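# sequence-free structure coming up:
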């Protein structure tokens, strides 16, 4: 075994033997599963609905049209409990009475909501209401109230113009556009979650193991162990041994995570099958509670909607090229990690303590941070110019390409060119990082600067 092989073995064994590594191999999948499941579980837990007291300003004036048929419009649902006892009261009095209530809001419908008041400005519909709350009610609450009041106004217009009810019902229908890709209905939301999940995973892996390389270099440099090591091996061999050894430990951990995740999924699937829970029926029940449906036609439409949505989501998950995703993850993790780890190793060699690494490590991580911040724009148009350029730039391609692959449309030539550019960039960055590393690891007592790092890159061997 050569010198690099010995260094790789030492770095690999020093990591996999630690108690933290072993614990994270087992807890990692559980923590990731908790990160995905717990928020959904908490969101699905039953909670007290927000109480909304409705006050109609038009009921205090004979010159204003009453705004709505309150009992029809404001029905209690899963999230809202409407109180219609104070419709004709002074809204200021009611607002003061419930001002300190955290789970209660007062909805005041302005007198000229439907128009025909005693002022010139009020002769036309104002279509305005005010919601008074102690705490922020949230965008969902406001959107629901606005939708309900807008529907009331439209209904009144139809009735004023003597529009037949069947025409009104037809006018309420909305157009839908199904996303059909290669002959199958596709759910972009599912692909978005898969792509973003893999992008975040590779982002975390690169930063996690890149920082481990940097801390290892700083530790050996601060304890002066490196001065003994470089008497037997070249600095480049030491740097590459550290990088590759840490990469192998990361790949082993990823494989263990995959096996543990597969075991957990198998166990959970068996448990779910034993309980024989019909999740389509459960979803339909929750939607029916949130939006009460009383007629048979609406129930059939909801049943069809839930069944189609569930089937489309499953078909979308199965249509994702999982083999290509896993292969791309391994390739982009290896090349992306090796490139960033070389830069982290150069950063570690330029400082004397871990506290001094911030000024150099932040510029190294900025490309990844920018890529993650632009993920939403790439997911909105996965085959647009921005996504294509980001998947070719070597500093962003490990994350950008993993976001794009679930959507399809990534040609073989695009994938090959992206990997080739990333591989060549890895060689170039490693060459420059090695020149910094060979000088920096023996430089003690002097804080490095960007100017110094530039000089070190041009020192002759």
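Received the coordinates, thanks. Owing to the predicted nature of the structure, the values given are computational and were not obtained by experimental measurement.
# From residue 126, how far off is residue 49?
Taking Cβ to Cβ, to the nearest Å as the measure, residue 49 falls 28 Å from residue 126. Every residue, glycine included, has its C-beta placed from N, CA and C.
# out of these two, which sits in the busier spot?
Legend: neighbour count by other Cβ atoms under 10 Å for residue 49 and residue 126, higher for residue 126 (18 against 14).
# State the distance from that one to residue 82.
With distances taken as Cβ to Cβ, residue 126 is found 22 Å from residue 82.
# Could you do residue 141 as well?
Using Cβ to Cβ, one gets 12 Å for the distance from residue 141 to residue 82.
# show me what contacts the spatially closest residue to residue 194 that is not a sequence neighbour?
Of all residues beyond its chain neighbours, the one nearest residue 194 is residue 406 (4.5 Å), with distances taken as Cβ to Cβ, 6 or more residues apart in numbering. Going by Cβ atoms under 8 Å, 6 or more residues apart in numbering, residue 406 touches 191, 194, 195, 198, 320, 321, 325.
# how about a cut-off of 6 Å?
Neighbour list for residue 406: 191, 194, 195, 320 [criterion: Cβ atoms under 6 Å, 6 or more residues apart in numbering].
# Let's see which of the residues you listed end up in helices.
Here DSSP state H is the test, and the contacts of residue 406 give 191, 194, 195 as lying in helices.
# Spatially central, which residue of this protein would that be?
Centroid-nearest residue in the chain, with Cα atoms, centre = their mean: residue 196, separated by 6.2 Å.
# now it, nearest residue through space, not along the chain?
Closest residue to residue 196 apart from its sequence neighbours, by Cβ to Cβ, 6+ apart: residue 375 at 5.9 Å.
# you'd agree residue 396 is up against residue 371?
Yes: Residue 396 is within contact range of residue 371, at 4.1 Å (criterion: Cβ atoms under 6 Å).
# Around residue 340, count how many other residues there are.
Residue 340 is flanked by 25 other residues according to other Cβ under 10 Å.
# Show me what the helix or strand that contains it packs onto, helices and strands only.
Assessed by DSSP states H and E, residue 340 sits inside helix 322-349. Packing partners of helix 322-349 (3 or more Cβ pairs under 6 Å, 6 or more residues apart in numbering; DSSP states H and E): helix 188-222, helix 235-275, helix 358-373, helix 412-440.
# one more time with 7 Å, if that's ok
Judged by 3 or more Cβ pairs under 7 Å, 6 or more residues apart in numbering; DSSP states H and E, the packing partners of helix 322-349 are helix 188-222, helix 235-275, helix 358-373, helix 397-404, helix 412-440.
# If you average pLDDT over each of those helices, which is lowest?
For these, the weakest mean pLDDT is recorded on helix 235-275, namely a mean of 74.
# what is the orientation angle of it with helix 188-222?
For helix 235-275 against helix 188-222, the angle by axes from the mean of the first three to the mean of the last three Cα atoms, to 10 degrees is 140 degrees.
# please renumber so the chain begins at 173
Noted, 173 is the first residue going forward, which turns the last one into helix 407-447.
# quick check, distance from helix 407-447 to the centre of its chain.
22 Å (Cα atoms, centre = their mean, to the nearest Å).
# Compute the inter-axis angle for that helix and helix 584-612.
Angle of helix 407-447 versus helix 584-612, following the same axes, to 10 degrees, is 130 degrees.
# looking at it, residue 522 is touching residue 626, isn't it?
No: at 11.2 Å, residue 522 does not count as touching residue 626 under the criterion of Cβ atoms under 7 Å.
# list the contacts for residue 558?
Going by Cβ atoms under 7 Å, 6 or more residues apart in numbering, residue 558 touches 549, 550.
# Just flag the most distant two among the contacts of residue 578.
367 and 492 (9.1 Å; Cβ to Cβ).
# Comparing those two, which residue is more hemmed in?
Per other Cβ under 10 Å, whichever of residue 367 and residue 492 has more neighbours is residue 367, with 25 against 18.
# give me every residue that touches the more buried one.
In this structure, residue 367 makes contact with 551, 574, 575, 576, 577, 578, 579, judged by Cβ under 7 Å, 6+ apart.
# ok, the third one - how many residues close by?
Using other Cβ under 10 Å as the criterion, residue 575 is surrounded by 29 other residues.
# Can you verify my assumption that it contacts residue 368?
Yes: the pair residue 575 and residue 368 passes the contact test of Cβ under 7 Å, sitting 6.3 Å apart.
# list residues touching both of these two?
Shared contacts of residue 575 and residue 368 (Cβ under 7 Å, 6+ apart): 547, 551.
# hang on, residue 304 in a strand?
Yes: counting by DSSP: H, G, I helix; E, B strand; the rest coil, residue 304 falls inside a strand.
# for it, what are its contacts?
The contact partners of residue 304, by Cβ under 7 Å, 6+ apart, come to 267, 277, 278, 280.
# May I ask which of the residues you listed has the most neighbours?
Among these, residue 278 has the most neighbours (other Cβ under 10 Å), with 25 neighbours.
# For that residue, name its beta-bridge partners.
residue 225, residue 304 (DSSP bridges).
# list the contacts for it?
Contacts for residue 278 were tallied using Cβ under 7 Å, 6+ apart; they are 225, 227, 263, 266, 267, 270, 304.
# Show me which positions of stretch 268-284 end up buried.
270, 276, 277, 278, 279, 280, 281, 282, 283, 284 (16 or more other Cβ atoms under 10 Å).
# Show the average pLDDT along that stretch.
82.
# Stretch 225-239 now?
Averaged over stretch 225-239, pLDDT sits at 71.
# Turn the contacts of residue 304 into TSV, columns for distance to residue 610.
TSV is the format used below for those (distance: Cβ to Cβ, whole Å):
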residue	distance to residue 610
267	72
277	66
278	71
280	73
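# ok, so of the residues you listed, who is nearest residue 414?
residue 277 (58.7 Å).
# excluding its backbone neighbours, what's nearest that closest one?
Using Cβ to Cβ, 6+ apart and skipping residues adjacent in sequence, the residue nearest residue 277 is residue 305, 4.2 Å away.
# Spatially, which residue comes closest to residue 175, not counting chain neighbours?
Leaving aside its chain neighbours, residue 175 sits nearest to residue 405 (4.8 Å; criterion: Cβ to Cβ, 6+ apart).
# got it, and residue 570?
Per Cβ to Cβ, 6+ apart, closest to residue 570 is residue 508, 3.2 Å.
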